[in-house]
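Trainee: please find the sequence and the predicted model below.
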Amino acid sequence: MTNHWVDIKNADLIIVMGGNAAEAHPCGFKWVIEAKKTRKAKLIVVDPRFTRSASVADFYAPLRPGTDIAFLGGVINYLLSNDKIHHEYVKTYTNAAFLIDEGFSFDEGFFSGYSAEKRSYGKDTWKYQLDKDGYAKLDETLQSPHCVFQLMKKHYSRYTPELVSKVTGTPKDQFLTICGMMAETALPTKTMTICYALGWTQHSVGTQNIRTMAMIQLLLGNMGMAGGGINALRGHSNVQGITDMCLYSDNLPGYIAAPTDADADYKTYLEKRTPKALRPGQMNFPQNFPKWHTSLMKAWYGAAATEKNDYAYDWLPKKDGAYDVLAIFDRMHQGKMNGFICQGFNPLAAVSNKKKVGDALAKLKYLVIIDPLVTDTSEFWKDFGEFNQADPARIQTEVFRLPCNLFAEETGSYTNSGRVVQWHWQAAEGPGESKGDTEIVATLFQKLKQMYAKEGGKLPEPILNLTWPYRIPNKPSAEELLMEISGKALADVYDPKDKTKVIVKAGEQLAGFIQLRDDGSTACGNWIYSGCWSQAGNLSARRDNSDPSGLGQTLNWGYAWPANRRILYNRASCDPAGKPWDPQRSVIKWLGDKWGGNDIPDMRPDAKPEEGVMPFIMTQEGVARLFAPALADGPFPEHYEPFETPLDKNPFHPNNAKATSNPVARVFKGDMEVFGKAKDFPYVATTYRLTEHYHYWTKHVAINSVLQPEQFIEIGEELAKEKGIKAGERVKVSSNRGHIKAVAVVTKRIKALDVDGKKVHTVGIPLHWGFKGVAKPGYITNTLTPSVGDANVQTPEFKAFLVNIEKA
Amino acid sequence: MALQSLDIKQRSATTTATPSVRQTVEVAKLIDVTTCIGCKACQAACMEWNDIRDEIGTCSGVYDNPTDLTENSWTVMRFAEVEEAGKLEWLIRKDGCMHCADPGCLKACPSPGAIIQYSNGIVDFHEENCIGCGYCITGCPFNVPRISKKDGKAYKCTLCSDRVAVGQAPACVKACPTGALHFGAKEDMQDYAASRIIDLKSRGYDQAGLYDPPGVGGTHVMYVLHHADRPGLYSGLPKDPSISPLVSLWKGFAKPLATVAMAAVALGSLFHYVTKGPNEVSKQLEDELEKEDAP
Amino acid sequence: MIRNPKDLTRYTPQERVNHWLGGICFILLALSGLAFFHPAFWPLTQLFGGGVWARILHPFIGVLMAGSFLSLFLRFRSLNVMTPADKEWLSRAGEMLDGKDHNLPEQGKYNGGQKLMFWALAIGMLLLLITGIVLWRAYFNLPVDVVRFAAVIHAAAAAVLIAVVMVHIYAAIWVKGTMRAMWYGTVTRAWAKQHHRAWYRQVTGK
């Protein structure tokens, strides 16, 4: 979330799309209700199903799964063609006025630079025109055909309400009603917030789904505002935390890009990742990259990381390919992996194409499961009849189960969707032989270290030199870890303006990332968390909920990264002169000598408004990008059909079969062949959670299982009638990868949609069941889903695929 | 707070007055159906606080589960899909005991002290006094009490009288994530409901209103409804509930009348005997027969 | 032990056992039923081991009574067919109550009042049985409106029958020489001749 949970109450309009906040985030959803009650806010829900969120919405519209960009692109077109944008904001705070390379083009579904062979873009033309000083050129009149504004206008002019309706199946009048409601928030004193979740990310165009909405929020001037922003509702209580700590192999902690084979040496690595400002006077905050990286290496290798050895750069693994979850299982499926340590993860249930995952696991020599519960994955080799057919005699994988503690049996921290790090205290001892995750991993590490010390190895240094300063080596405490993550001075740290003044003494905790140095004098395990455990102590343990502004800005509750800032880009909540766009909801403002107010300013504190330092300090331009060349699949989001589409072409590009689905999404060999076709699998399916359950965990819990005991799927009344299916009957749902059987819920809440002259039915598939637990045994939903991911981050396309349905 | 009184106002099968000098505040739970998302946290909280666990059932083709109130499920969410003039609404209602001011269960109950109405309005079953006759079910206009197959006693929502007694809100209210459930003085709940109704009317729900049916003297569980004119849309919430006239007759008028009538027959017989004397066989007949018998 | 061989047999031992079985059931049912009916009678549940036992036993005793009454009914139904003489007797029952029965029409084994009681019992028992089953929560779960209706009928039928049985018992006490018919089966000829002259003629042939 750029904003935070409580801030939702400040919105005038709340969009729930690509998510189902009431269902999957019922506790956070209280702030939506609060906004409705106290601000008279309106709630719009756009979803293939009339969800629990829709049940309390002021307006609901259906759309076909996987057509969000068509819908939102249509909104952009509406805003631009009806001139419903926040002009000053767009002109000043975005790259609307920036001139793009004249070679940039978009034609028949491809942006310039496409290589069909590599399924990727060369980005030579996706760049700004630069002046002689290397700064981007602007056309402040926004009239040049090469400026971002005009390119964007042209790009989305194709997204007419008629075409939007034809593609999405959303009735045109309903689409326009929503456009109109959104457009009202172009006023500086009105804000809209968007709550999305995996309904947007789990698509082959996932990243672009979110970007399209980000563009809308920029056009409406809602970024940085109280009650605005782009708000990803994370699906696990601490998934934000694990993402921050490097869930993805592409990153080191704190979203520091991990080195790859292409980064032969330290110098190259740093140069590539330390950007230069593209406009004069901008903060270009990532220019501090060397400080973050060096401090991280000092946290990891301490005295062994020196200037001489490039701060141990050579000890970091250099990525030679993709290591996302789909890539890992593809590699395993090819028999290229021996072992797999599976911690807090149930891939057999959670990863697409269950059969492929099961076959892959069977090719391992060993599988280690670190989990509090018996998982479906840990039992993948056992036969559970129709739910999991397996022949243990033919599976040689040795499975080790290491029982670990549940959250309440450990002390530690959570980072919620709103980036607030909150300490929690152990409530009970874990049962039996269970151990904390850290103890398990630390013990394993100690053992490995001993083996390397004794037996040597190809490259023992990264293991042998790792800093391990914990009081009990096999059991690092949560306090020790958070202090390490937050960072400390290894030597005295001096004020950069006055080199004689010590600002942090050696051994003291750092107050924030602003104190990080690239000379080895500071250590910090994750720069964005820097300061969460300062000399003042564990700030994440603070529990002061006083809210002087009334905006829910409880700055003394826990610690929000970065820098305890609650609303990102909050400089954009003020006009260029530093006055709040909406004085009623003032987040920060220019106080005459510095920035201040109800949040930690997302701005250099002493940057006078007249200096023209722009609010988006993490970009080289200082402004937000309507045109974003960093993405793999285009600087502007474009609608592509899901890889399994009920249509035979992309209605936006009927003449280019190659632009039917995302032309740069990665498809593994063997996976393309198992995409189903609409003639065999005529119905669109989407998977989702129910509020009664939590992922694949709560099928082990009696109360949750009482509330929703048995696997079901949902279909509309019309489809049910066509198929002669009655509510409560068992049905078989099959995709090209397998089938599941479940009870049918027949509902008015899923309607057949009129898409491109075709009637498209949606089949809803909740995902919580499996063959282990106290709930009625069920099929793994991901038996059905395809193995294809988003082109940028490889999140699997769980939310739009094709199935057939029949009476079981 | 004054809400925590457990003074007794009414007691089942008791004909004399209960201590009624102290005046305590009436409480109420307000269920704002219009902000309820049907998450069932209230059901889970109810199970946890009251240590009750229903069977792990099956899916019968709807979201409702458990599908009905049971001795182990004192509250359930009922989901109704209502489509009118092309507009679909998913009306989700938390069902359970309404804690009527004039409780039909208490009226029907034959066992003294098995059903108690506290002066704060909570109607509570005291299972140790319950004989399991099921008359409460007959008395209830909302079809709430359930007899346990395990112990033959009647169970239903207690409005967490044990929590209220120590100044806590009911478990369901505590657990409700969206604030759809409120608890407090009934008057405050009515005031709060009024503000919700104003909001709903501004959103086009002209018939929004508070469900506090006078037919049972008002209830201590009230609903804010979008369509207060048609409570039946919410999975058959009765429009104008009252204790069935049959139950009123049976446990009202008929009770003293029949008792007096039976007593009158007994007394009438007695007075007949003492006024008219025994009906003996006439001496004359006996003599006649004795004569006949004489050899 | 026949004390006077000339006494007339009014009831066989089987009939007497049958009667008392039903009668005891009725008393137990009345006591427990009244306890459920009005709080004033609640202490009567103590006779059964408390409220729960009273609730458990009442319907089983009810079934037993229904069975025993059915048997009684089958034994006596033909003797209880109403005749014109009965109707006349009934219309002049006031005289009987007043103790001036010498002008009343001759009666068979049962007079009009007894027959009326017999049929009242038969109808009442049937109603109690049916409604009792409807009310039997432990085994039956019928629509609540049916149960409510049944509760009213059950209570009303029971109240009427209790009154009827009280009259029945009183009549037996009032009319001297009656009780022994149900105790040990015989009545004196004089008793029979006085109260049931037609029956007396029939059995004595006089």
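Mentor: Great, that's in hand.

Trainee: all contacts plus neighbour counts: C-alpha atoms, from now on.
Mentor: Will do.

Trainee: top helix in chain C by residue count?
Mentor: helix C:144-174 (DSSP state H).

Trainee: mean confidence for the next helix or strand after it?
Mentor: Proceeding N to C from helix C:144-174, the next assigned helix or strand is helix C:179-183, under DSSP states H and E. In this model, helix C:179-183 carries a mean pLDDT of 93.

Trainee: do helix C:179-183 and chain B meet?
Mentor: No - using Cα under 8 Å from any Cα of the partner chain, helix C:179-183 stays clear of chain B, coming no nearer than 12.3 Å.

Trainee: after that helix, which helix or strand is next?
Mentor: Counting by DSSP H and E, what follows helix C:179-183 is strand C:186-187.

Trainee: which residues touch that following strand?
Mentor: The contact list for strand C:186-187 (Cα atoms under 8 Å, 6 or more residues apart in numbering or on different chains) reads C:7, C:8, C:9, C:10, C:11, C:177, C:178, C:180, C:181.

Trainee: by neighbour count, sort out the buried ones in these.
Mentor: C:7, C:8, C:10, C:11, C:177, C:178, C:181 (16 or more other Cα atoms under 10 Å in any protein chain shown).

Trainee: related to what we said a few turns ago, show me what the longest helix of chain C is packed against.
Mentor: Judged by 3 or more Cα pairs under 8 Å, 6 or more residues apart in numbering or on different chains; DSSP states H and E, helix C:144-174 is in contact with helix B:135-139, helix B:245-248, helix B:254-276, helix C:13-37, helix C:112-135.

Trainee: buried set for stretch A:399-416?
Mentor: Applying 16+ other Cα under 10 Å to stretch A:399-416 flags A:399, A:401-407, A:409-416 as buried.

Trainee: counting neighbours, what do you get for residue B:270?
Mentor: 15 (other Cα atoms under 10 Å in any protein chain shown).

Trainee: from residue C:106, how far out is it?
Mentor: 27 Å (Cα to Cα, to the nearest Å).

Trainee: quick revisit: which among the buried residues of stretch A:399-416 gets closest to chain C?
Mentor: Taking Cα to the nearest Cα as the measure, chain C sits nearest to residue A:406 out of these, at 44.1 Å.

Trainee: which one is the closest one nearest to, not counting chain neighbours?
Mentor: Distances taken as Cα to Cα, 6 or more residues apart in numbering or on different chains place residue A:372 nearest to residue A:406, at 6.1 Å, with adjacent residues excluded.

Trainee: may I see the buried residues of the helix or strand encompassing residue A:330?
Mentor: Using DSSP H and E, residue A:330 maps to helix A:325-333. Burial within helix A:325-333, assessed by neighbour count using 16+ other Cα under 10 Å, is assigned to A:325, A:326, A:327, A:328, A:329, A:330, A:332, A:333.

Trainee: please apply the same query to stretch C:40-50.
Mentor: In stretch C:40-50, counting by 16+ other Cα under 10 Å, buried: C:42, C:44, C:45, C:48.

Trainee: pLDDT for those - can I get that in CSV?
Mentor: Putting those into CSV (pLDDT from 0 to 100) gives the following:
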residue, pLDDT
C:42, 96
C:44, 96
C:45, 96
C:48, 96
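
Trainee: closest to residue B:109 among those?
Mentor: Nearest to residue B:109 among the buried residues of stretch C:40-50, counting by Cα to Cα, is residue C:42 at 11.6 Å.

Trainee: three-state assignment of the closest one?
Mentor: Counting by DSSP: H, G, I helix; E, B strand; the rest coil, the backbone at residue C:42 sits in helix.

Trainee: can you tell me the residue of the stretch 1-150 of chain B closest to chain A?
Mentor: For the stretch 1-150 of chain B, Cα to the nearest Cα, closest residue to chain A: residue B:61, 3.8 Å.

Trainee: and residue A:500, what is it in contact with?
Mentor: residue A:494.

Trainee: tell me which helix or strand it sits in.
Mentor: Using DSSP H and E, residue A:500 falls in strand A:498-504.

Trainee: so for the longest helix along chain A, mean pLDDT?
Mentor: Longest helix in chain A by number of residues (criterion: DSSP H): helix A:437-455. Across helix A:437-455, pLDDT averages out at 96.

Trainee: counting by contacts, list what the helix or strand just after that helix packs against.
Mentor: Downstream of helix A:437-455, the next assigned helix or strand under DSSP H and E is helix A:461-464. Applying 3+ Cα pairs under 8 Å, 6+ apart, one finds that helix A:461-464 contacts helix A:437-455.

Trainee: tell me the buried residues in the helix it packs on?
Mentor: A:437, A:438, A:439, A:440, A:441, A:442, A:443, A:446, A:449, A:452.

Trainee: how far off centre is that helix?
Mentor: Offset of helix A:437-455 from its chain centre (Cα atoms, centre = their mean, to the nearest Å): 32 Å.

Trainee: can you show me the CA trace of that helix as CSV?
Mentor: Provided in CSV are the C-alpha atoms of helix A:437-455 (Å, rounded to 0.1, in the frame of the first residue of the first chain):
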residue,chain,number,x,y,z
ASP,A,437,11.9,-21.3,12.1
THR,A,438,15.0,-19.3,12.9
GLU,A,439,16.3,-22.0,15.2
ILE,A,440,15.8,-24.7,12.5
VAL,A,441,17.5,-22.6,9.8
ALA,A,442,20.3,-21.5,12.1
THR,A,443,21.0,-25.0,13.3
LEU,A,444,21.1,-26.2,9.7
PHE,A,445,23.5,-23.3,8.9
GLN,A,446,25.8,-24.2,11.8
LYS,A,447,26.0,-27.8,10.6
LEU,A,448,26.8,-26.7,7.1
LYS,A,449,29.4,-24.3,8.4
GLN,A,450,31.1,-27.1,10.3
MET,A,451,31.0,-29.3,7.3
TYR,A,452,32.6,-26.6,5.1
ALA,A,453,35.2,-25.9,7.8
LYS,A,454,36.1,-29.6,8.0
GLU,A,455,35.7,-30.8,4.5
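
Trainee: double-check that residue B:192 belongs to a helix.
Mentor: Yes - counting by three-state DSSP, residue B:192 is found in a helix.

Trainee: distance of it from chain C?
Mentor: As for residue B:192, its distance to chain C is 35 Å (criterion: Cα to the nearest Cα, to the nearest Å).

Trainee: want to throw the contacts of strand C:186-187 into TSV with distance to chain A?
Mentor: Below are the contacts of strand C:186-187 laid out as TSV (distance: Cα to the nearest Cα, whole Å):
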residue	distance to chain A
C:7	75
C:8	72
C:9	69
C:10	66
C:11	63
C:177	70
C:178	66
C:180	66
C:181	65
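
Trainee: farthest pair in those residues?
Mentor: C:11 and C:177 (13.7 Å).

Trainee: closest to the centroid, which residue in chain C?
Mentor: By Cα atoms, centre = their mean, chain C has its centre lying nearest to residue C:165, at 5.4 Å.

Trainee: okay, domains of the chain per the record?
Mentor: Picking chain A for this. Listed by automatic domain parsing, the domain ranges of chain A are A:6-95+A:160-235, A:237-290+A:300-416+A:420-472+A:547-561, A:657-807.

Trainee: wait, chain B
Mentor: B:2-243, B:248-293.

Trainee: what residues sit buried inside stretch A:110-127?
Mentor: A:110, A:111, A:112, A:113, A:114, A:120, A:121, A:123, A:125, A:126, A:127.

Trainee: tell me which stretches of chain B form helices.
Mentor: Using DSSP H, helices in chain B cover B:41-50, B:104-108, B:135-139, B:161-164, B:171-175, B:186-202, B:245-248, B:254-276, B:283-293.

Trainee: and the first one, how far out from the chain middle?
Mentor: Read that as helix B:41-50. Using Cα atoms, centre = their mean, the offset of helix B:41-50 from its chain centre is 20 Å.

Trainee: tell me which residues of it come out buried.
Mentor: By 16+ other Cα under 10 Å, the buried positions in helix B:41-50 come out as B:41, B:42, B:43, B:44, B:45, B:46, B:47, B:50.
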